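Chemist: Give me a model of this one.
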Amino acid sequence: MKHRRISGRRAALAGAAVAALVAAGVTLQNANASEPATSATQLRVLSAPAAGTLASTLGSRLGAGAAAGSYYDARSKNLVVNVLDQAAAKTVEAAGAKARIVANSLAELDGARATLKRDAAIPGTSWATDPVSDKVVVTADRTVSGAEWARLGKVVDGLGGKAELKRSRGEFKPFIAGGDAITGSGGRCSLGFNVVKDGEPYFLTAGHCTAAISTWSDSSGRQIGQNAESHFPGTDFGLVKYTSNTDHPSEVDLYDGSTQKITGAAEATVGMRVTRSGSTTQVREGTVTGLNATVNYSEGTVSGLIQTDVCAEPGDSGGSLFSGGNAIGLTSGGSGDCASGGETFFQPVTAVLSATGARIG
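Modeler: Take a look at the predicted model:
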């Protein structure tokens, strides 16, 4: 019997009650920051994944009190690291990254996020740390009322230069759809990535998809999997165990007759170029604009997300976000569409692999 291959791209949950693509505008200003302190002759030319690894190393070396975030300059292929003083700048420069002195540490921005969580967790809002502006960017969608907007403004004003408030014309909701289409009773989502756990085959998709559907079929209607884990809200991922003899290569469908082989997983870095594959809008490209994003969906709050400017639509949920051969994220939600644009949020794959004990394989 010939088995149909399921890659990471066409799974969408059309018509499901959960909606998760939230819009969040991210400023690209250089507010509260000096010019980079590093000489161009000292800089290391890096790929985005390599920049992410160096950023993690420098963040640990600097510590929470001195670290102030980082981002990838795709044009120059350099890592830019925010620091608070010249001593920290020298550490960054010695590692071959560009040092940029700013006003707010990550610890201070995390404190601002904690205040927002306590005082401003209003459905239809999101916030994400933006290392380019050195602020937490708070976004309210069109469903946020005038009174709620005033409440948000008061909280943001109280945070001083650590936050700014923006309005989105869209509506924050989870998208139900993804890479290769996967379906169940009541909806359709997208398959994210094929993984292995304890020597057995599984696949990853969005948790708001597995919260609604427990048994999955491919686009031909043949049952292929059963939920093993489901997490939403809080986080947004599901682990599904294959129950058929379907081929399950570590690939993402590019919807042009070819696939992208996935050999590992990597952390996202602000400025990284990424590609998304989903069953509704197929393959789209864009850039990571924020990390550690929080989205207040009507179904509940999800934190620790990757924010991008890649468009998506209902049915793309659970689908693959990748950079070259590295798995980066699973489509959670956002706003807008692929005609007018919008913002999207993704569950980091590295966190999912750590939580489930699965691996790309």
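
Chemist: what about the spatially closest residue to residue 280 that is not a sequence neighbour, distance to residue 118?
Modeler: Among residues not flanking residue 280 along the chain, residue 315 sits closest, at 3.3 Å (CB to CB, 6 or more residues apart in numbering). Just so you know, the C-beta spots here come from the backbone N, C-alpha and C atoms, and that holds for glycine as well. Here the distance between residue 315 and residue 118 works out to 35 Å (CB to CB, to the nearest Å).

Chemist: How many neighbouring residues does the residue nearest to residue 280 have?
Modeler: 28 (other CB atoms under 10 Å).

Chemist: you'd agree it is in a strand?
Modeler: No. Residue state for residue 315 (DSSP: H, G, I helix; E, B strand; the rest coil) corresponds to coil; a strand is not indicated.

Chemist: Let me see the ranges of the strands in the stretch 1-150 of the chain.
Modeler: Across the stretch 1-150 of the chain, reading from the start of the chain, the strands by DSSP state E, counting those that start in this stretch fall at 33-36, 70-73, 78-83, 98-102, 125-130, 135-140.

Chemist: okay, the ones you listed, which one's buried deepest?
Modeler: With neighbours defined by mean count of other CB atoms under 10 Å, none of the strands of the stretch 1-150 of the chain is more surrounded on average than strand 125-130, at a mean of 28.

Chemist: okay, and for the stretch 201-350 of the chain, where does confidence drop off?
Modeler: For the stretch 201-350 of the chain, applying pLDDT under 70 flags no range at all.

Chemist: all helices for it, in order.
Modeler: Secondary structure of the stretch 201-350 of the chain (DSSP state H, counting those that start in this stretch): helices at 207-210, 349-356.

Chemist: Quick one: closest of the ones you listed to residue 250.
Modeler: Shortest separation from residue 250 across those is recorded for helix 349-356, at 12.2 Å, computed as CB to CB.

Chemist: partner strands of whichever helix or strand comes after that closest one, parallel or antiparallel?
Modeler: Downstream of helix 349-356, the first helix or strand assigned by DSSP states H and E is strand 359-360. Partner strands and pairing direction for strand 359-360 (DSSP bridges) are strand 193-197 (antiparallel).

Chemist: Mind listing residues that contact the strand it pairs with?
Modeler: Under the contact criterion CB atoms under 8 Å, 6 or more residues apart in numbering, strand 193-197 has outside partners 6-8, 201-204, 239, 248-252, 262, 320, 327, 330, 349, 353, 356-361.

Chemist: list the buried ones in it?
Modeler: When neighbours are counted by 16 or more other CB atoms under 10 Å, the buried residues of strand 193-197 are found to be 193-195, 197.

Chemist: and it, how far out from the chain's middle?
Modeler: 19 Å (CA atoms, centre = their mean, to the nearest Å).

Chemist: That one - what's its average pLDDT?
Modeler: Per-residue pLDDT values across strand 193-197 average out to 95.

Chemist: Please work out the angle formed by the directions of that strand and helix 349-356.
Modeler: For strand 193-197 against helix 349-356, the angle by axes from the mean of the first three to the mean of the last three CA atoms, to 10 degrees is 30 degrees.

Chemist: which of the helices of the stretch 201-350 of the chain is buried the deepest?
Modeler: With neighbours defined as mean count of other CB under 10 Å, the helices of the stretch 201-350 of the chain peak in mean count at helix 207-210, which reaches a mean of 32.

Chemist: For it, output the C-alpha coordinates as CSV.
Modeler: What follows is helix 207-210, C-alpha atoms only, in CSV (Å, rounded to 0.1, in the frame of the first residue of the first chain):
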residue,chain,number,x,y,z
GLY,A,207,-2.5,23.6,21.5
HIS,A,208,-5.7,25.5,20.7
CYS,A,209,-6.2,23.0,17.9
THR,A,210,-5.6,20.0,20.1
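
Chemist: so what does that helix touch, helix or strand wise?
Modeler: In terms of contact count using 3 or more CB pairs under 8 Å, 6 or more residues apart in numbering; DSSP states H and E, helix 207-210 is assigned the packing partners strand 223-231, strand 237-242.
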